[in-house]
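# Test case, fold it:
(chains A and B)
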Protein chains: 2
Amino acid sequence: MTDLRSTAIHYAHQNRSRFLTELKEFCAIPSVSTDAERKADVRRAAEWLAGRLMALGVVNVQVFETAGHPVVYGERLDAGADKPTVLIYGHYDVQPAEPLELWESAPFEPTERGEHLYARGATDMKGQVIASLAAIEAILQSGRLPVNVKFMIEGEEEIGSPSLDAFMDSHRRLLACDMVLNPDSGILSADLPTITYALRGLAYFELHVFGPAHDLHSGTFGGVIHNPAQVLCELIAGMHDAHGRVTLPGFYDAVLPLSDEERAELARLPIDESHYLQESGAPALWGEAGYTAVERTGARPTLEVNGLLSGFTGEGQKTVLPAWAMAKISCRLVPNQNGEEVYGQMLRYLETHAPKTVRWSLKKMTAGPPAMSDRHSKGVQALGRAMETVWGVRPLFKREGGSVPVVAQCHKHLGVESVNTGFSMSGDNMHGPNEKVHLPTLWRGVDAFIHFFFNLAE
Amino acid sequence: MTDLRSTAIHYAHQNRSRFLTELKEFCAIPSVSTDAERKADVRRAAEWLAGRLMALGVVNVQVFETAGHPVVYGERLDAGADKPTVLIYGHYDVQPAEPLELWESAPFEPTERGEHLYARGATDMKGQVIASLAAIEAILQSGRLPVNVKFMIEGEEEIGSPSLDAFMDSHRRLLACDMVLNPDSGILSADLPTITYALRGLAYFELHVFGPAHDLHSGTFGGVIHNPAQVLCELIAGMHDAHGRVTLPGFYDAVLPLSDEERAELARLPIDESHYLQESGAPALWGEAGYTAVERTGARPTLEVNGLLSGFTGEGQKTVLPAWAMAKISCRLVPNQNGEEVYGQMLRYLETHAPKTVRWSLKKMTAGPPAMSDRHSKGVQALGRAMETVWGVRPLFKREGGSVPVVAQCHKHLGVESVNTGFSMSGDNMHGPNEKVHLPTLWRGVDAFIHFFFNLAE
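Numbers count the residues shown, from 1 in each chain, chains lettered A, B, ... in the order given. Okay, the predicted model is just below:
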């Protein structure tokens, strides 16, 4: 077994320039999923990927049609039923490249400069897709896969994966697995391998406050009518207390407290307040008392106003007493909060605090659950040891503040946890001009994936 | 003198059908000041009016050019220097008539139905202009005017009188007078003659709250950045206390308290809470504790949110932590508040309450002063007695919640108070389809004006 592992690592090192050539080919396909004019290019990327999978020995490769862009599937299940099955997730679509004038080299003409490859999609996430293929190829060319693998690579991640839920729901048996490897996350820096073990969920609401039946003249009615914009502001102001805590009744009841051990692990992350100040440009930080910035963005739930609209908002002035006011409000959720329960908490808050001088309505939008993988699971431990082998340091364990819907979908449809990692780092300009990937980190990633599969089988 | 008064009243009664013919002619001119295609019609209305003034014996009639539509001037100053001079204000422009399909008869084809004349401008305010001309004609045809009169009739009232300030500033000597008669207000009902003796002022602000340098992902930054939309809501929520009072420091310091006598006078107004509920469609009334609805809309200052804008306000959802939030906020002012001082109070409130986690800016827009005429002045008393003579009841004295800029401008440029009245009543559809004027009330108005001029000279 050790020999096969070494042979695979050797193979991967010997074939880096060819892997790079393949990455350039893949990145040259402008698979912009949001652009209707790129529809044929998106399909070409799917077919290119299916061809690569077949070429490296993956079997049962299929390009599944969906309501939108296709999903590429493939598998290699000859490790035996006693070995774990890993579903490798990826996406082959990319963000639009505009504004083109800000690119130093054309976004779809992949260009090496120094240790980086510049191209749209290089780091999000064609690089990681190629790295996972390279690892499988290296093992297959050296012998036999120690675990069973399946690939599910979609073409709609950048537009919110609208077809994935239905696809996973109708292919539960095909996709059945013991865990998901999702390399669509990031690495804190080239020297700090990172495993993301938790993602926040989302509950999104639209709150309308209705006052008079129509806009009124603020001179004639100002003083006798409760201004719905004022009422909305009062309701929103009451949603946080002076300690930055959310006041919805029962909001924290289901929140898993942080253990001392987990807090110590999170404290290893080299992210301090200056990081958030620098990235945001805000004059000062803010948040729930009693928690570090890393804890507040990853392990604590929040409530945000995403939008406000009422009355006259154009140039100049209009003395209107508006008929209604609207806010978009969302909560980031952590385990074991539940979007439906938070909707109920918001309803109870409004029932308690909205004055009788107005009417209101609360519309429930997305309710995506939070996700957390056991840091002590077989998969996370196998990847952790793999990264420590390759980088020579124990990886960092991170909770991500955002949501990755596919992680929750895999839990919902397949009943499995995801092992989330990736090699995209700050400065790689994900979604921006001059997107790039750091090639030495990507090659370390290939090695880490090889070790991961072998570790899993031990 | 009494004979002359009676003769004039008699003349007015005898000539009603001709006055009506003239009103129809006047209303048939579509002098829509906001409509560039009606520019020639607006001028035609000014010239028609100048012609009428000359025909009835007014001298020095001029059509003054302005940056916009012209101002019609005329005078009759032969009462002598020991007699008061009244400047009669009016406007000959009208609102657009759209939506045309809601009119029962064409808006610029004046049509009598029952006791009403239907036409755009009939009640706002071509009817009142004709009434003031009719009163002057009746007196001149019966003898000599007991007071000196000047006319200033503008063509831009419906678009905010943009040229009037400059016109008045550069014609202070021409317009010099002892008081203004402004018949552009309303009457509570056909049987309730009304004098409006106070108007609220306006201080209008635009408040911006700035947080991060750019919109942020609410997942990545939610929990460490103070959301500017939330901060704006908290600031606005703090601008009223639990008793509906404005909390800006010193806001009420300059407010003239209501005397028991004035409260008793205001209590005569047949406007109760059900009136405001019905007109607004709001589920309940609201306002400053300790004052009636009539007092709150007329004699007490207010603070209103006129508009709110922040972040994402379109269909659906976007998980943005917005970079900024904006509110349009205005205060209705009462004597002796001052817009500049209220601006300073708002600044102090923000300096005290805005957290250090955001930046903010406050833009000062309009600062129009409140206006109040002494209810015991010669002008108000003369009109009050005139109305009592004609209607047989003592008129109501009303404070108006809105602002009439020309009243403040007359105070500013000419140093005089305005006597505000009018014959436009609820149901006359001012600014709406099927605008009309109640002719019996208008004819009473002509009589009241005749008595007013004679009363003034006594």
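
# Just list the residues touching the residue of chain A most remote from its centre, thanks.
Among the C-alpha atoms of chain A, the one farthest from their average position, using CA atoms, centre = their mean, is that of residue A:220, at 51.0 Å. With contact set as CB atoms under 8 Å, 6 or more residues apart in numbering or on different chains, residue A:220 has these partners: B:297, B:401-402. No exception for glycine: its C-beta is placed from N, CA and C like everyone else's.

# can we see that at 10 Å?
Counting by CB atoms under 10 Å, 6 or more residues apart in numbering or on different chains, residue A:220 makes contact with A:319, A:321, B:200, B:276, B:279-280, B:297-298, B:332, B:400-402.

# Out of those residues, which is nearest to residue B:250?
residue B:332 (16.6 Å; CB to CB).

# is chain A contacted by the host helix or strand of the closest one?
Assigned by DSSP states H and E, residue B:332 falls within strand B:324-333. Yes - using CB under 10 Å from any CB of the partner chain, strand B:324-333 reaches chain A at B:325-332.

# Mind listing the strands that strand pairs with, and their directions?
Sheet pairing of strand B:324-333 (DSSP bridges) gives strand B:201-210 (antiparallel), strand B:302-311 (antiparallel).

# Kindly reformat those strands as TSV containing mean neighbour count and mean pLDDT.
TSV is the format used below for those (neighbours: other CB atoms under 10 Å in any protein chain shown; pLDDT from 0 to 100):
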stretch	mean neighbour count	mean pLDDT
strand B:201-210	23	96
strand B:302-311	26	97
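
# need the residues of the stretch 351-458 of chain A near chain B, please.
A:355-359, A:365-366, A:400-404.

# distance between the ends of stretch A:301-319?
39 Å (CA to CA, to the nearest Å).

# Tell me the gap between it and the middle of its chain.
29 Å (CA atoms, centre = their mean, to the nearest Å).

# follow-up on the earlier one: of the residues of the stretch 351-458 of chain A next to chain B, which is the nearest to chain B?
Nearest to chain B out of those is residue A:402 (CB to the nearest CB; 2.7 Å).

# now that closest one, what's its secondary structure?
With DSSP: H, G, I helix; E, B strand; the rest coil as the basis, the three-state label of residue A:402 is coil.

# tally of neighbours for it?
Under the neighbour criterion other CB atoms under 10 Å in any protein chain shown, residue A:402 is assigned a count of 17.

# Who are the contact partners of it?
Applying CB under 10 Å, 6+ apart, we find residue A:402 in contact with A:199-200, A:202, A:297-298, A:332, B:217-222, B:319.

# Can I get those residues in TSV including secondary structure and distance to residue A:409?
Formatted as TSV, the contacts of residue A:402 follow (DSSP: H, G, I helix; E, B strand; the rest coil; distance: CB to CB, whole Å):
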residue	secondary structure	distance to residue A:409
A:199	strand	12
A:200	coil	15
A:202	strand	13
A:297	helix	23
A:298	helix	21
A:332	strand	18
B:217	strand	20
B:218	helix	21
B:219	helix	17
B:220	helix	21
B:221	helix	24
B:222	coil	22
B:319	coil	17
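
# From the residues you listed, list just the buried residues.
Buried members of those, counted by 16 or more other CB atoms under 10 Å in any protein chain shown: A:199-200, A:202, A:297-298, A:332, B:218-222, B:319.

# what's the domain layout of chain A?
For chain A, automatic domain parsing gives the domain ranges A:2-199+A:370-457, A:201-255+A:301-367.

# would you turn these into JSON lines with distance to residue B:17?
Converted to JSON lines, the domains of chain A look like this (distance: least, CB to CB, whole Å):
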{"stretch": "domain A:2-199+A:370-457", "distance to residue B:17": "70"}
{"stretch": "domain A:201-255+A:301-367", "distance to residue B:17": "35"}
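
# So for residue B:94, which of these sits nearest?
Nearest to residue B:94, of all these, is domain A:201-255+A:301-367, at 18.4 Å by CB to CB.

# all helices for the stretch 251-400 of chain A, in order.
Using DSSP state H, counting those that start in this stretch, the helices of the stretch 251-400 of chain A run over A:260-267, A:273-280, A:293-298, A:339-353, A:378-391.

# which residues of chain A score low on pLDDT?
The model of chain A has pLDDT under 70 over residues A:1-2.

# one step back: residue B:247: which of the buried ones among the contacts of residue A:402 is nearest?
Closest approach between these and residue B:247, by CB to CB: residue B:222, at 29.6 Å.

# So that closest one sits against residue A:332, correct?
Yes - Residue B:222 lies in contact with residue A:332 (CB atoms under 10 Å); the separation is 5.0 Å.

# Give me the common contacts of these two.
A:200, A:202, A:297, A:300-304, A:401-402, B:319.

# who touches the residue of the stretch 251-400 of chain A at minimum distance from chain B in this structure?
Across the stretch 251-400 of chain A, the shortest distance to chain B (CB to the nearest CB) belongs to residue A:281, at 2.7 Å. Contacts here follow CB under 10 Å, 6+ apart; on that basis residue A:281 touches B:210-214, B:216, B:225, B:323.

# Check those residues and tell me the two furthest apart.
Longest span within the contacts of residue A:281, CB to CB: B:210 and B:216, 12.7 Å.

# Find residues that contact each of the two.
When contacts are counted by CB under 10 Å, 6+ apart, residue B:210 and residue B:216 have A:281-282, B:322-323 as shared neighbours.

# Which of those has the largest number of neighbours?
Neighbour max across these (other CB under 10 Å) = residue B:322, 29 neighbours.

# excluding its backbone neighbours, what's nearest that one?
The shortest distance from residue B:322 to any non-neighbouring residue, by CB to CB, 6 or more residues apart in numbering or on different chains, is to residue B:311 (3.4 Å).

# circling back to that earlier point, including distance to residue B:165, could the buried ones among the contacts of residue A:402 go into CSV?
CSV is the format used below for the buried ones among the contacts of residue A:402 (distance: CB to CB, whole Å):
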residue, distance to residue B:165
A:199, 60
A:200, 56
A:202, 53
A:297, 54
A:298, 59
A:332, 53
B:218, 47
B:219, 52
B:220, 51
B:221, 48
B:222, 49
B:319, 48
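
# For the stretch 51-200 of chain A, which residues are neighbours of chain B?
Contacts of the stretch 51-200 of chain A with chain B, taken as CB under 10 Å from any CB, map to A:199-200.

# and the gap between residue A:103 and residue A:128?
Residue A:103 sits 21 Å away from residue A:128, taking CB to CB, to the nearest Å as the criterion.

# Show me which of those two is the more surrounded one.
Using other CB under 10 Å as the criterion, residue A:103 and residue A:128 rank with residue A:128 on top: 28 against 21.

# Ramachandran coordinates for that one?
Note on residue A:128: its backbone torsions stand at phi -70, psi -30 [degrees, to the nearest 10].

# give me the number of residues near the closest residue to it other than its chain neighbours?
Among residues not flanking residue A:128 along the chain, residue A:183 sits closest, at 4.0 Å (CB to CB, 6+ apart). Neighbours of residue A:183 under the rule other CB under 10 Å: 24.

# what does residue A:255 give?
Neighbours around residue A:255, by other CB under 10 Å: 16.

# what's near enough to touch it?
For residue A:255, the contacting residues are A:299-301, A:333-337, A:370, by CB under 10 Å, 6+ apart.

# what about burial for those, which qualify?
Of the contacts of residue A:255, these count as buried by 16+ other CB under 10 Å: A:299-301, A:333-335, A:337, A:370.
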